[in-house]
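> just the structure for this:
(chains A and B)
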Amino acid sequence: MIDPRILRDEPDRVRASQTKRGASSEVVDRALDADAARRGAIAAYEEKRAAQKTFGKQVAQAQGEEKQALLAQVKALSAEVKDLEVAQTHAEGAWTDALKAIPNVVADATPTGGEDDFVVLEQVGTPRDFAAEGFEPRDHIELGRLLGAIDLERGAKVSGSRFYFLTGIGAQLELALVNLAMDQARNAGFTQVIAPSLVRREAMEGTGYLDQGGGEDIYRIEGEEMYLVGTSEVPMAAYHSKELLDGRSLPRRYASFSPCFRKEAGSHGKDTKGIIRVHWFDKVEMFVYTTLEDAAAEHERLLAWEKEFLDKLELAYQVVDIAAGDLGASAIRKFDCEAWIPTQGKYRELTSTSNCTDFQTRRLDTRGRFGDKTGPIATLNGTLTAITRTIVAVLETHQQADGSVRVPKALQPYLGGLEVLTPVAEVTGA
RNA sequence: GGAGGCGUCGCCUAGUCUGGUCUAUGGCGCCCGCCUGCUAAGCGGGUUUGGGGCUACAACCCCAUCGAGGGUUCAAAUCCCUCCGCCUCCGCCA
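As a prediction, this is how the structure comes out:
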């Protein structure tokens, strides 16, 4: 949630942000009213409560008849305090609800508009011209089958649509990508993390994912109040919840590996074939805790690390500045890196990095100690590699006419020096 | 899965049976000051976090905070219930 002080002191800034997102600023006025009501309720309760406490001391000291008389009086007061406390709790609840309904205040630099109003910041590399090379590129499904790397049929048989097995070189490829990503992160000073992908309600709620469409896209464990995460951003954001971190320990950079589960509700008919959009994939995610002052600069660094990784894979991609209306509630700015997918003839999202400032930490109660003061802390996240889409991009981009795939130089050491992935003699498909 | 124990303001700890004098004890650590050739020791004071009022977002005053949330009561660290976490034992298991 946003800083109540910004809401109180600069409501117009919040309204402007809402407008930029193409959303109503009615929530702002609702929250302001709720804030006023809350403060009134607090003052009323505290005043009576103080009186009750004073009275209580007299009761404790009194004896006999005097005590009985005092008890009779304080009983009425006690009932009043109880009512006022209930009223205060309600007012407080209404206020947090109203506050939670307000998305983060977007950055000045964030483009105005919706899904189609993104701004292309730069394009790196040139998409391969297969026509000039004289052959028709195969899609990742066919390449995966030829290489014995991706088994979609058995994925569907065992787990249903949008599932897959990575086999042979496909499995090796995942491990290689994970290691390449983890090594890069470690060399950049990140702490490597293997995070739980099953979390309790608190963690899921804290990151705000349950609010989005009522948690439509999230797998819940039957009768357990536990959830499968869609990204390790969830466990990593909750990692330091209810903690007061030493400001001098910032930035804290984590590179977290976890499987990610998404129901993909509402994406029927989109990317139905292959492994572009699946219910489960593994991902290495960068997650950073830092100061509010440093957040924007850190965001640029995260983007740079994402680009570094894509460069190592020798992919052609573009960097996109996502528009306000297409931003998640917690982000003030988001950059996507979209790699060129030859058989689709377009750029598709491979990585994404968001600056969430203090929006998540406020909800999850993570704060910092700075000198003799405490203050908010910012979080940022960014994909290093989402395995399935990375594999799609690598296979399609570096394929050769005979169905083999050239291994990018940086990845070769992680595949035992292998320079080319070659089709297997016997395809393991049905 | 079964049985039991525990959770106190950085750490350790008193208090819980027998509710009010707890504005939570003491020690350690830390901070400020005094003393002192220097250091150590000693002496005095301070040392949770959040919120509200008032304001210079200071000082000050108030409310909450004894794992979390409810309940009983005029009054809860203390009694009752639920949940969370940790520990011990048994069972099961990769």
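> hmm, stretch A:57-68 touching RNA strand B?
Yes: Stretch A:57-68 comes into contact with RNA strand B (C-beta under 7 Å from any atom of the strand), by way of A:57, A:59-60. C-beta here means a position set from N, CA and C on the backbone, and glycine is covered the same way.
> same question but for stretch A:6-16, I mixed them up
No: shown here: stretch A:6-16 not in contact with RNA strand B (C-beta under 7 Å from any atom of the strand), separated by at least 8.4 Å.
> quick one: which of the residues of stretch A:57-68 next to RNA strand B is most hemmed in?
Taking other C-beta atoms under 10 Å as the neighbour criterion, A:V59 ranks highest of these with 15 neighbours.
> contacts only, for it.
With contact taken as C-beta atoms under 8 Å, 6 or more residues apart in numbering, A:V59 is in contact with A:67, A:70-71, A:74.
> check which helix or strand covers it.
A:V59 belongs to helix A:26-61 when elements are defined using DSSP states H and E.
> now the helices for the stretch 51-200 of chain A?
A:64-100, A:130-133, A:140-146, A:152-159, A:169-187 (DSSP state H, counting those that start in this stretch).
> tell me the centre residue of chain A?
A:E233 (4.6 Å; C-alpha atoms, centre = their mean).
> quick check: it touching A:M286?
No: A:E233 is beyond contact range of A:M286, at 9.6 Å (criterion: C-beta atoms under 8 Å).
> got phi/psi on the residue of the stretch 151-300 of chain A found nearest RNA strand B?
Nearest residue of the stretch 151-300 of chain A to RNA strand B, counting by C-beta to the nearest atom of the strand: A:L244, 6.2 Å away. Here the main-chain torsion angles of A:L244 (degrees, to the nearest 10) amount to phi -110, psi 100.
> buried subset of the contacts of A:V59?
Among these, those scoring as buried are A:70, A:74 (criterion: 16 or more other C-beta atoms under 10 Å).
> tell me which of the contacts of A:V59 is nearest to A:C337?
A:V74 (66.5 Å; C-beta to C-beta).
> so the closest one sits against A:F55, correct?
Yes: the pair A:V74 / A:F55 is scored as a contact, 4.8 Å apart, by C-beta under 8 Å.
> where does the prediction get shaky in chain A?
A:63, A:212-214, A:425-430 (pLDDT under 70).
> can you pull the contacts of the residue nearest to A:N179 when sequence neighbours are not counted?
Nearest residue to A:N179, sequence neighbours excluded (C-beta to C-beta, 6 or more residues apart in numbering): A:Y414, at 5.1 Å. Residues near A:Y414 by C-beta under 8 Å, 6+ apart: A:175-177, A:179-180.
> make a markdown table from these and add neighbour count and distance to RNA strand B to it.
Output for the contacts of A:Y414, formatted as a markdown table (neighbours: other C-beta atoms under 10 Å; distance: C-beta to the nearest atom of the strand, whole Å):
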| residue | neighbour count | distance to RNA strand B |
| --- | --- | --- |
| A:L175 | 14 | 20 |
| A:A176 | 19 | 25 |
| A:L177 | 24 | 25 |
| A:N179 | 15 | 23 |
| A:L180 | 23 | 27 |
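> so which of these is the closest to A:D311?
Nearest to A:D311 among the contacts of A:Y414: A:L180, at 11.8 Å, using C-beta to C-beta.
> identify the residues contacting the closest one.
By C-beta under 8 Å, 6+ apart, the neighbours of A:L180 are A:309, A:312, A:385, A:410-411, A:414.
> and of these, the nearest to A:D282?
For those, the nearest to A:D282 is A:T385 (8.9 Å; C-beta to C-beta).
> buried stuff in stretch A:292-311?
In stretch A:292-311, counting by 16+ other C-beta under 10 Å, buried: A:295-296, A:298-299, A:301-303, A:305-307, A:309-310.
> okay if I get the residues you listed as JSON lines plus distance to RNA strand B?
Shown next, in JSON lines, are these (distance: C-beta to the nearest atom of the strand, whole Å):
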{"residue": "A:A295", "distance to RNA strand B": "19"}
{"residue": "A:A296", "distance to RNA strand B": "21"}
{"residue": "A:E298", "distance to RNA strand B": "23"}
{"residue": "A:H299", "distance to RNA strand B": "25"}
{"residue": "A:R301", "distance to RNA strand B": "28"}
{"residue": "A:L302", "distance to RNA strand B": "27"}
{"residue": "A:L303", "distance to RNA strand B": "31"}
{"residue": "A:W305", "distance to RNA strand B": "32"}
{"residue": "A:E306", "distance to RNA strand B": "33"}
{"residue": "A:K307", "distance to RNA strand B": "37"}
{"residue": "A:F309", "distance to RNA strand B": "31"}
{"residue": "A:L310", "distance to RNA strand B": "35"}
